[in-house]
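Trainee: A predicted structure for the sequence below; I have some questions about it.
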Amino acid sequence: MLALSHLDRDFDYVVPAELDAVAQPGVRVRVRFAGRLVDGFLLARLDTSDHPGKLGFLDKVVSAESVLGPELLGLVDAVATRYAGTRPDVLRLAVPPRHARVENESLASGAQSIPVLRRAEWSAYRHGAEFLDALGGGRAPRAVWQALPGEDWAARLADLAAVAVSSGRGAVLVVPDQRDLDRVDTACRAVLDDDAVVALAAGLGPAERYRRWLAAARGRARVVIGTRSAVFAPVHDPGLMVVWDDGDDSLSEPRAPYPHAREVALLRAHRAGCAAVVGGFSRTAEAQALVETGWAHDLVATRDTVRGRVPRVTALADSDHALARDPGARAARLPAIAFAAARASLTAGHPVLVQVPRRGYVPSLSCSKCRTPARCRRCHGPLALPSAPGADGAGSPTCKWCGTADPSYSCPTCGSRALRAVVVGAGRTAEELGRAFSGVTVRQSGGTSVLDTVPAGPAIVVSTVGAEPVADGGYGAALLLDGWALLGRADLRAAEQTLRRWMAAATLVRPSAEGGEVVVVADSGLPTVQALVRWDPVGHARTELSERTEVGFPPAVHIAAVDGTTESLRALLDSARLPDDAVTLGPVDLPPGERLPFGSEIDADSSAPVERMLVRVPRSSGAALSRALGEARAVVGAKKTASALRIQVDPLRIG
């Protein structure tokens, strides 16, 4: 495989007679190219060639195992085209490295039993039974599933997989992280044979990952569960593609060509003519767009059913009476209503979940007088306050970049030596709650020590976003702190992500009828807070989509972010035959925290400033934009006159 974009095409070779039997489409081969041996895949066997010159000979068939079948090859081509990338980059994501010893192992298995089909729980959703009937009948229904609060979503995904297998087809279930994968794997093995299910994740060693991948490629495993790259799993005759919690950043591939697992799954479902489900407790604007365009249908429960499952949600000053009783609620980090909810839950013998947006002790500091961010005098990195033994539990201000402590810090703007916390981390929060509720066990989940579950009983669980453990029997209350830190981010998806994180925590709480309560420390007048109070993720997603359509942001349009030096951007755009309705924006400086991966295609001058150019087109011109940028990058790469470029189509973060 040749990583250079201008060499991303098929090359013809002659198959020697001694390799005729093993040189079959899809196998790994080695050929001589430009005087050196390179690895590749045999795509097809033809009787003739259009190449006018002399053809070289196939040097070696590395393995007789066909790992690149027609369905996977077509998907790789489609993803490379969709994201203006190259096939070698996609193949790196889709096909794991070969492990010779594993290929020689026998993966035979006995007859598989009939899957256990469970349909009753799906009757809580409108058209849920009809969806299962269509899936079991071999048809291709497509839905955006809004899971109920407290739903055992892993078991529901296992139900879908069992129905797909019962119809004689396979299923691919994609989840954001290892914790979710473990839950779905356990649920699937409860209704399917162990041999029929494999789990793919980045944490597996090369041998085990390749062994499980081959189990699917050889047809033994009919259900594949995994993180983002599992969307390419070579399941035979796929009948179902599922993506859970598509708003999670983990589903976006950080390597070229930067595909999103949701988009790849939908593209694969369209090409294979199979069912597709995008599910979650909240909803993204992209998922709502699927419903509003008619590509997928809503799979939601009735409002009466939702009210019976949802906990009571209270926001700051949601009434004049509440504000009169606690006039400091808007300024307090833990207002009286939060303490009351926690106390009631602990008294009833239930644990309390406390969600905070940041880990650490005090992860961000600023001048107490003029609010200037505190920076390191050595490297200009941000200062934080680590925990330490002592009366106040705090250490000296320390740089988060170089680790240098600065106990005598003074503000360069006003000279003040006093510091204040910009945001309080999980460590400090746990310490404060331990003092407020003496004698109550306090647990922390986040960073390198993430808890999967916590036992029933009175306890306080302080968790960072995304690390909330499941409580046995459910939490009695959840406190969602520092809402301003989530909602105030300069991000197009800030409101959407905040609601997703809040709902993920709130769904772990007992229903209102059992005393469950959620307190969100944010202004009750904010639309995102109101969506949580009403438990209306569909309405929130509809509003988000409408607002983005009005201002021309994805998913209402397609946007390509092109990063590179001024010279390389000019060379690319001069070579690109952009659609007539394309609008170019910029260039602007590269967003903070992002770096251009130099050296991928062209020798680059790393000292040159890197900029970002945005190209926006209507949805109808998305394919033309990707094709134009891909072709232009190949032209620029062949000339070798510009620095490295990075092209991201519909990136999660634009600026």
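Mentor: Right, received. Where do you want to start?
Trainee: hey, where'd the helices end up in the stretch 151-300 of the chain?
Mentor: All helices of the stretch 151-300 of the chain, identified by DSSP state H, counting those that start in this stretch, fall at 153-166, 178-189, 206-217, 261-272, 285-292.
Trainee: and the ones you listed, which is most packed in?
Mentor: helix 153-166 (a mean of 25; mean count of other Cβ atoms under 10 Å). The way it works is simple: take the backbone N, C-alpha and C, and place the C-beta from them, glycine included.
Trainee: ok now that one, how far from the chain's centre?
Mentor: 21 Å (Cα atoms, centre = their mean, to the nearest Å).
Trainee: and that helix, what does it pack onto?
Mentor: Identification of packing neighbours for helix 153-166 by 3 or more Cβ pairs under 8 Å, 6 or more residues apart in numbering; DSSP states H and E yields helix 128-136, strand 170-174, helix 178-189, strand 223-226, strand 238-244, strand 275-280.
Trainee: wait, which of these is closest to residue 121?
Mentor: Nearest to residue 121 among the helices and strands packed on helix 153-166 is helix 128-136 (8.3 Å), distances taken as Cβ to Cβ.
Trainee: one step back: closest one to residue 250 among the helices and strands packed on helix 153-166?
Mentor: That would be helix 178-189 among the helices and strands packed on helix 153-166, by Cβ to Cβ, at 9.4 Å.
Trainee: convert that closest one to PDB, retaining C-alpha atoms only.
Mentor: The C-alpha coordinates for helix 178-189 follow below in PDB (Å, rounded to 0.1, in the frame of the first residue of the first chain):
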ATOM      1  CA  GLN A 178     -14.500  -0.400  26.700                       C
ATOM      2  CA  ARG A 179     -17.000  -0.100  29.600                       C
ATOM      3  CA  ASP A 180     -19.900   0.000  27.200                       C
ATOM      4  CA  LEU A 181     -18.400  -2.800  25.100                       C
ATOM      5  CA  ASP A 182     -18.100  -5.100  28.200                       C
ATOM      6  CA  ARG A 183     -21.800  -4.400  29.100                       C
ATOM      7  CA  VAL A 184     -23.000  -5.200  25.500                       C
ATOM      8  CA  ASP A 185     -20.700  -8.300  25.300                       C
ATOM      9  CA  THR A 186     -22.200  -9.700  28.500                       C
ATOM     10  CA  ALA A 187     -25.800  -9.000  27.300                       C
ATOM     11  CA  CYS A 188     -25.200 -10.600  23.900                       C
ATOM     12  CA  ARG A 189     -23.800 -13.800  25.400                       C
END
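Trainee: could you tell me the angle between that helix and strand 238-244?
Mentor: Interaxial angle, helix 178-189 versus strand 238-244 (axes from the mean of the first three to the mean of the last three Cα atoms, to 10 degrees): 140 degrees.
Trainee: elements contacting helix 178-189?
Mentor: Counting by 3+ Cβ pairs under 8 Å, 6+ apart, helix 178-189 packs on helix 153-166, strand 197-200, strand 223-226.
Trainee: to the chain's geometric centre, what's the distance from it?
Mentor: Its chain's average C-alpha position is 17 Å from that of helix 178-189, according to Cα atoms, centre = their mean.
Trainee: please renumber so the chain begins at 24
Mentor: Okay, using 24 as the starting number, the last item reads as helix 201-212.
Trainee: now do the residue lying closest to residue 49 once chain neighbours are set aside against residue 556, distance only.
Mentor: Of all residues not flanking residue 49 in the chain, residue 89 sits nearest, at 3.4 Å (Cβ to Cβ, 6 or more residues apart in numbering). From residue 89 across to residue 556, the span is 55 Å (Cβ to Cβ, to the nearest Å).
Trainee: what about residue 517, neighbour count?
Mentor: 14 (other Cβ atoms under 10 Å).
Trainee: picking up where we left off before, Serialize the helices and strands packed on helix 176-189 to TSV and add fields for distance to residue 233 and mean pLDDT.
Mentor: Output for the helices and strands packed on helix 176-189, formatted as TSV (distance: least, Cβ to Cβ, whole Å; pLDDT from 0 to 100):
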stretch	distance to residue 233	mean pLDDT
helix 151-159	30	96
strand 193-197	18	98
helix 201-212	18	96
strand 246-249	14	98
strand 261-267	20	98
strand 298-303	27	98
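Trainee: may I see the ones you listed organised as CSV, with distance to residue 521 added?
Mentor: Below are the helices and strands packed on helix 176-189 laid out as CSV (distance: least, Cβ to Cβ, whole Å):
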stretch, distance to residue 521
helix 151-159, 29
strand 193-197, 23
helix 201-212, 20
strand 246-249, 27
strand 261-267, 19
strand 298-303, 14
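Trainee: just the helices in the stretch 524-673 of the chain please.
Mentor: 550-557, 560-574, 589-598, 645-662.
Trainee: how about the ones you listed in a markdown table, adding mean pLDDT?
Mentor: Converted to a markdown table, those look like this (pLDDT from 0 to 100):
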| stretch | mean pLDDT |
| --- | --- |
| helix 550-557 | 96 |
| helix 560-574 | 95 |
| helix 589-598 | 90 |
| helix 645-662 | 92 |
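Trainee: nearest to residue 145, out of those?
Mentor: Comparing the helices of the stretch 524-673 of the chain by their distance to residue 145 (Cβ to Cβ), the top pick is helix 560-574, with 18.2 Å.
Trainee: now do that closest one: which elements does it pack against?
Mentor: Judged by 3+ Cβ pairs under 8 Å, 6+ apart, the packing partners of helix 560-574 are helix 308-315, helix 517-529, helix 550-557.
Trainee: repeat that for 6 Å
Mentor: Where contact means 3 or more Cβ pairs under 6 Å, 6 or more residues apart in numbering; DSSP states H and E, helix 560-574 is packed against helix 308-315.
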